[in-house]
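> Give me coordinates for this.
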Amino acid sequence: MDKKILGKQIKQIRLERGISQEKLSELIFISPRQMSIIETGNSYPSLDTFIRIAEVLEFDVNEFFNIKIKEPDELRLCLIELIKATDRKNLPLIKDIILAIENYS
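Reported below is the predicted structural model:
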């Protein structure tokens with residue numbers, strides 16, 4: 001994500017929460033100047049700082065970046081469990097079958 005867009009989004013959320021830039025910087029243990037640099041898009045926050053910002057402003061990091069974490073589907077989980085329970089001597093055969101299917105597709 002672009003630094004300027006990231007900074008604007010952080011600033012917008014901060015303003016929506018009614019928190020001043022100075023107060024936010026105090027709560028996340030950085031200087032007001034550094035907070036300003038982040039919000040103006042002149043610098044990325046460190047990961048630690050970004051996580052503290054998310055905690056203080058109460059936003060979900062995944063939603064911030066529109067990350068959708070997929071839950072494994074039932075069939076995949078079932079196959080994994082079957083493979084775990086399979087005798088080790090059959091694992092090469094299972095691997096070959098899966099590779100053959102992938103090559104055929």
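
> Secondary structure class of residue 4, three-state.
Three-state call for residue 4 (DSSP: H, G, I helix; E, B strand; the rest coil): helix.

> how about it, what does it touch?
The neighbours of residue 4, taking CB atoms under 8 Å, 6 or more residues apart in numbering as the test, are 40-41. C-beta coordinates here come from the backbone N, C-alpha and C atoms, glycine included.

> let's see it at 7 Å
Shown in contact with residue 4 (CB atoms under 7 Å, 6 or more residues apart in numbering): residue 41.

> got it, and the one 10 residues further on?
By CB under 7 Å, 6+ apart, the residues touching residue 14 are 21, 24, 57.

> which one of those residues is nearest residue 7?
Checking those against residue 7 with CB to CB, the nearest one is residue 21 at 11.3 Å.

> picking up where we left off before, compare the contacts of residue 14 and tell me which has the most neighbours.
Note: the member of the contacts of residue 14 with the most neighbours is residue 24, at 23 neighbours, neighbours being other CB atoms under 10 Å.

> That one sits in which helix or strand?
Counting by DSSP states H and E, the element that carries residue 24 is helix 21-27.

> Then residue 66?
Using DSSP H and E, residue 66 maps to neither a helix nor a strand.

> ditto for the one 10 residues further on
Element membership for residue 76 (DSSP H and E) is helix 74-85.

> Report the distance from that helix to the chain centre.
Mean-position distance between helix 74-85 and its chain equals 26 Å (CA atoms, centre = their mean, to the nearest Å).

> Follow the chain on from that helix and name the next helix or strand.
Later in the chain than helix 74-85, the nearest helix or strand by DSSP H and E is helix 91-104.

> avg pLDDT for that next one?
In this model, helix 91-104 carries a mean pLDDT of 90.
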